[in-house]
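Student: Any chance you can model this:
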Amino acid sequence: MKKVRFALNCIVMLLFLFLFCFVLIMPQYEGDYQAALVDKVARLKSLEGERIVLIGDSNLAFGIDSAQIEKELGKPVVNMGMHGGTGEAFNEQAALLDVHEGDLYVFCPSHYDGDDTITNPLLVWITIEDHPELYPMIRAKDWPDMVRAYPTYLGKCALRWRTKTGNSEMTNSYRRSAFNEYGDNYYPRPVSEDNIDFTPAVITEISDATVKRMNRLYQQLRAKGADMVVVGFPIALWEQAEDEAAYSEFEKELSEKLDAPVISEFNDYRYPTSYFYDTHMHLTETGAKVRTGQLIEDLKKYESR
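Tutor: Below you'll find the predicted structure:
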């Protein structure tokens with residue numbers, strides 16, 4: 001009887017802690033860059049009929065004019081591009097949240113050498129907080145890592161709650177209000193910032209885990225009557241940039257391994273360093289306009305095939 005009473009007391013305490021955290025402490029990152037995902041998902045679920053949905057990391061958030069794509073293609077656009085630090089395996093789950101027959105899912109990872117795990121569970125907690133509509137992006141196999149990261153996340157929330165610094169916004173582009181209705185980051189980016197590190201701008205390996213993960217997503221989307229294509233990412237023409245032949249070979253290998261069609265010639269997305277804003281993947285306003293024009297051309301060719 002004592003053991004049963006002890007177990008019941010533990011359950012009550014856990015429930016109390018759960019309610020305390022979710023009702024009083026969370027959320028504490030409502031003004032953060034990652035909180036923009038809440039608005040992106042809300043737009044995705046609000047649109048009826050066929051849509052164009054952009055899936056990937058921040059190369060999309062900082063490099064696309066969705067309104068122009070919508071104007072040229074005649075379909076509503078949602079830019080689901082978010083922080084690559086969570087891992088592509090998390091970002092890509094946005095493709096399965098609300099699939100409509102006839103949707104076109106445009107995948108644009110900036111690298112293909114990842115695995116099939118959430119890279120940073122703490123960052124994912126900061127993203128999903130107490131928003132149950134985002135929880136389907138966490139797969140069953142991801143929850144053990146999420147559970148282990150929760151105490152750290154909760155500690156950060158408690159500190160923000162105690163110091164009354166939670167849910168505030170920064171003054172730069174890395175905040176929720178820097179995103180427009182489509183999910184594009186529209187913070188002014190007229191010119192490049194100084195000292196951008198272009199050393200990560202290299203051709204990555206194409207891992208078996210990435211291929212398996214993307215092929216699985218393609219089959220899931222096709223089963224729901226949607227389509228999926230893969231497009232090129234911004235390539236910086238810095239002094240150590242790999243040549244066109246190397247990117248052509250990379251594109252060919254990717255096309256052979258992926259079930260989804262690769263509809264871009266990656267060399268069409270090679271841009272001068274002056275087109276990059278603050279990282280090797282984020283574009284200035286000029287860079288985003290040029291890149292969007294190329295993407296529109298690729299999508300039009302694919303739809304008219």
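Student: mind listing the strands for the protein?
Tutor: For the chain, strands defined by DSSP state E occupy the ranges 52-56, 77-79, 104-108, 227-230, 235-237, 270-272.
Student: Relative to residue 189, which of these is closest?
Tutor: Closest approach to residue 189 among the strands of the chain (C-beta to C-beta): strand 270-272, 13.7 Å. For the C-beta atoms, the positions are set from N, CA and C on the backbone; glycine is no exception.
Student: picking up where we left off before, what about the strands of the chain, which gets the closest to residue 180?
Tutor: If we rank those by C-beta to C-beta, the stretch that ends up nearest is strand 77-79, at 8.9 Å.
Student: packing partners for that closest one?
Tutor: For strand 77-79, the contact count by 3 or more C-beta pairs under 8 Å, 6 or more residues apart in numbering; DSSP states H and E identifies helix 36-46, strand 52-56, helix 66-73 as packing neighbours.
Student: One more pass at 10 Å, please.
Tutor: helix 36-46, strand 52-56, helix 66-73, strand 104-108 (3 or more C-beta pairs under 10 Å, 6 or more residues apart in numbering; DSSP states H and E).
Student: quick one, which of the ones you listed is packed in tightest?
Tutor: strand 52-56 (a mean of 25; mean count of other C-beta atoms under 10 Å).
Student: In the protein, which helix is the longest?
Tutor: helix 143-163 (DSSP state H).
Student: Throw the helices and strands packed on strand 77-79 into TSV and include mean pLDDT and distance to residue 292, thanks.
Tutor: Shown next, in TSV, are the helices and strands packed on strand 77-79 (pLDDT from 0 to 100; distance: least, C-beta to C-beta, whole Å):
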stretch	mean pLDDT	distance to residue 292
helix 36-46	98	18
strand 52-56	98	11
helix 66-73	98	5
strand 104-108	98	12
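Student: closest to residue 289 out of those?
Tutor: helix 66-73 (7.8 Å).
Student: I'd like to know how far residue 70 sits from residue 24.
Tutor: Separation of residue 70 from residue 24 (C-beta to C-beta, to the nearest Å) stands at 41 Å.
Student: typo on my end, it should be residue 42
Tutor: 24 Å.
Student: How about residue 210?
Tutor: Following C-beta to C-beta, the distance that separates residue 210 from residue 24 is 40 Å.
Student: Which one's more surrounded, those two?
Tutor: residue 210 (24 against 10; other C-beta atoms under 10 Å).
Student: isn't residue 141 right next to residue 115, touching?
Tutor: No. The pair residue 141 and residue 115 fails to qualify as a contact (C-beta atoms under 10 Å) at a distance of 11.7 Å.
Student: Same drill for those two, tell me which one is more crowded.
Tutor: Counted by other C-beta under 10 Å, residue 141 and residue 115 do not tie: residue 115 has more neighbours, with 14 against 11.
Student: quick one, what contacts that one?
Tutor: By C-beta atoms under 10 Å, 6 or more residues apart in numbering, the contact set of residue 115 is 87-89, 207-210, 213.
Student: List only buried entries from those residues.
Tutor: Among the contacts of residue 115, those classed as buried by 16 or more other C-beta atoms under 10 Å are 87-89, 210, 213.
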